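Trainee: kindly generate the corresponding structure for this input.
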Amino acid sequence: MKRTDLKKIDYIVLGLYLIIGFLIFIFYYQNIIPQKTINESILAFGFGCPFLLYGLYYKRFRNVKVITIWTLIALFQIGIYLKFKQKSDFISVIGSSYLEYLIMLPISIIIFSLLRYLYWLIYKQELVITALNFKTGEIVENRRLRGTDFAFSIIGMSIMIFGIDFVIELIN
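Mentor: Residues are numbered from 1 along each chain as shown. Prediction:
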């Protein structure tokens with residue numbers, strides 16, 4: 001199979017992501033659920049989904065079509081943030097916008113792509129995003145895990161968490 005073919009999992013993950021995002025949008029515009037619930041949903045969606053994608057779906061980000069589709073979704077989310085960031089409905093008690101969490105998807109895509117490229121330059125192998133139960137030297141994807149896999153995984157997650165304010169400042 002070519003690295004540009006979409007698999008069933010891609011359609012499922014993309015479909016779920018788009019459906020959840022669309023439902024939040026509809027619930028907001030139709031005033032179906034309280035604004036507090038909408039804001040909490042945006043927080044969970046905007047913060048949680050990119051972490052799940054980064055940690056569990058990263059292999060599919062190696063596919064050109066998959067990363068292109070997710071990049072387009074990320075650009076759309078940046079547009080939503082820029083258009084609605086000042087709406088009082090989305091302003092939190094600390095003065096920031098709940099919509100800032102939509103910036104996590106573009107951050108995760110950029111960080112993964114940069115770390116993957118850097119890893120390829122160093123080892124001529126694909127980066128493996130590690131989980132807590134992995135151990136250095138364990139065989140994953142037909143190769144031994146290196147400390148660098150763990151370091152890059154932690155660096156990526158850390159940048160996603162702590163880099164959002166920097167990115168928000170850049171695009172504002």
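Trainee: burial check on residue 55, number of neighbours?
Mentor: 15 (other C-beta atoms under 10 Å). From N, CA and C alone the C-beta is placed, and that goes for glycine too.
Trainee: now do the contacts for the nearest residue to it once chain neighbours are set aside.
Mentor: Nearest non-adjacent residue to residue 55, counting by C-beta to C-beta, 6 or more residues apart in numbering: residue 129, 5.8 Å away. By C-beta atoms under 8 Å, 6 or more residues apart in numbering, the contact set of residue 129 is 54, 55, 58, 112, 149, 152, 153, 156.
Trainee: now do residue 10
Mentor: 60, 63, 66, 69.
Trainee: backbone phi and psi for the second one, please?
Mentor: For residue 63, the backbone dihedrals are phi -80, psi 130 (criterion: degrees, to the nearest 10).
Trainee: give me the low-pLDDT residue ranges for the chain?
Mentor: Judged by pLDDT under 70, the chain has its weakly predicted residues at 1-4, 132-133.
Trainee: grab the most central residue of it for me.
Mentor: residue 50 (2.4 Å; C-alpha atoms, centre = their mean).
Trainee: buried residues of the helix or strand hosting residue 150, list them for me.
Mentor: Per DSSP states H and E, residue 150 falls inside helix 147-162. If you call a residue buried by 16 or more other C-beta atoms under 10 Å, then helix 147-162 has these buried ones: 148, 149, 150, 152, 153, 156, 157, 159, 160.
Trainee: one more: stretch 106-119?
Mentor: 106, 107, 108, 109, 110, 111, 112, 115, 116, 119.
Trainee: hmm, residue 163 and the second one touching each other?
Mentor: Spelled out, that is residue 107. Yes. Between residue 107 and residue 163 a contact is recorded at 5.9 Å, counting by C-beta atoms under 8 Å.
Trainee: now residue 46: closest residue in space, sequence neighbours ignored.
Mentor: Nearest to residue 46 is residue 101, by C-beta to C-beta, 6+ apart, at 2.9 Å.
Trainee: sec struct for that neighbour, please.
Mentor: helix (DSSP: H, G, I helix; E, B strand; the rest coil).
Trainee: just residue 119 next, same as before
Mentor: Going by three-state DSSP: residue 119 is helix.
Trainee: now do the contacts for the closest residue to it other than its chain neighbours.
Mentor: Excluding its sequence neighbours, the residue lying closest to residue 119 (C-beta to C-beta, 6+ apart) is residue 127, at 3.9 Å. When contacts are counted by C-beta under 8 Å, 6+ apart, residue 127 touches 58, 112, 115, 116, 119, 120, 149, 152.
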